[in-house]
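K.L.:
coordinates only, sequence not included:
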């Protein structure tokens, strides 16, 4: 994992909320799709 995301596993995703007050628990899988998926998967995750 890149240096920017080195400590991402230590984030308490279940406690975080986004601007709409939705849980931020979906962010780690989203980051994985962007980082490790094929081009189509990465573009879909980023949209």
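P.N.:
Yep, it's here. Being a predicted model, the structure only gives us computed values, none of them experimental. Numbering: from 1, shown residues only.

K.L.:
In the chain, where is pLDDT below threshold?
P.N.:
Low-confidence segments of the chain (pLDDT under 70): 1-8.

K.L.:
Can you list the neighbours in contact with stretch 37-47?
P.N.:
30, 33-35 (C-beta atoms under 8 Å, 6 or more residues apart in numbering). Every C-beta, even on glycine, is put in place using the N, C-alpha and C of the backbone.

K.L.:
Distance from the chain centre to it, please.
P.N.:
Distance, stretch centre to chain centre, for stretch 37-47: 12 Å (C-alpha atoms, centre = their mean, to the nearest Å).

K.L.:
all numbers from here: first residue = 33
P.N.:
Happy to do that; since the first residue is 33 now, the last one works out to stretch 69-79.

K.L.:
Can you tell me, leaving aside adjacent residues, what's nearest to residue 77?
P.N.:
residue 65 (4.0 Å; C-beta to C-beta, 6 or more residues apart in numbering).

K.L.:
Now do the helix or strand the one you found falls within: distance to the chain's middle.
P.N.:
Using DSSP states H and E, the element containing residue 65 is helix 59-68. Offset of helix 59-68 from its chain centre (C-alpha atoms, centre = their mean): 5 Å.

K.L.:
buried stuff in it?
P.N.:
Burial within helix 59-68, assessed by neighbour count using 16 or more other C-beta atoms under 10 Å, is assigned to residue 65.

K.L.:
helices or strands next to that helix in the packing?
P.N.:
For helix 59-68, the packing partners by 3 or more C-beta pairs under 8 Å, 6 or more residues apart in numbering; DSSP states H and E come out as helix 71-78.
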